[in-house]
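J.: Using only what follows, build the 3D model:
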Amino acid sequence: MSPKAKRLALAAVGVAGLGLLYLWRWGTPSGDAEWSPNRRYYVQRYSNLNSRMFEMRPPGDGSNSDGYVRLYDRRGRLLRELYYRDNLYVQPLWFGATLWLNEDSVALPTTSE
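T.: Numbers count the residues shown, from 1 in each chain. A predicted model of the protein is given here:
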């Protein structure tokens, strides 16, 4: 294999790897959006492909939903994202200009009430 062909193959592998990373990071929406009381903001959970998805668990033992919890404004602009293991257990609490996601707080541009 010529050096030019090796560089081309390495570049193709790199581009494919970046594409897969992008697809993994974006994830798929899980559940419905959870809106703030004044409907200016919403939180959406996203599940990402991970090895725990293939673990055998007894029924009712929860989900293997690792991924991002993303905060958007009502126009759909991404304001913040946080990664959680078992993100289905992350419950948003809207309190004035602060959003609490379990132990993490996120400052909002305006009030949520």
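J.: For the protein, just list every one of the strands.
T.: 28-35, 41-47, 67-73, 78-84, 92-95, 98-101, 104-107 (DSSP state E).
J.: Include distance to residue 1 and mean neighbour count when you put the ones you listed into a markdown table, please.
T.: Heads up, the C-betas are built off the backbone N, CA and C, glycines and all. Listed next are the strands of the chain as a markdown table, based on distance: least, Cβ to Cβ, whole Å; neighbours: other Cβ atoms under 10 Å:
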| stretch | distance to residue 1 | mean neighbour count |
| --- | --- | --- |
| strand 28-35 | 38 | 13 |
| strand 41-47 | 40 | 21 |
| strand 67-73 | 39 | 19 |
| strand 78-84 | 39 | 14 |
| strand 92-95 | 53 | 16 |
| strand 98-101 | 50 | 17 |
| strand 104-107 | 49 | 13 |
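J.: Could you find the residue nearest the spatial middle of this protein?
T.: The residue lying closest to the centre of the chain (Cα atoms, centre = their mean) is residue 68, at 1.9 Å.
J.: Where does pLDDT dip in this protein?
T.: 18-26, 49-65 (pLDDT under 70).
J.: let's see 80
T.: Of all residues in the chain, those with pLDDT under 80 make up the ranges 1, 15-28, 48-66, 85-88.
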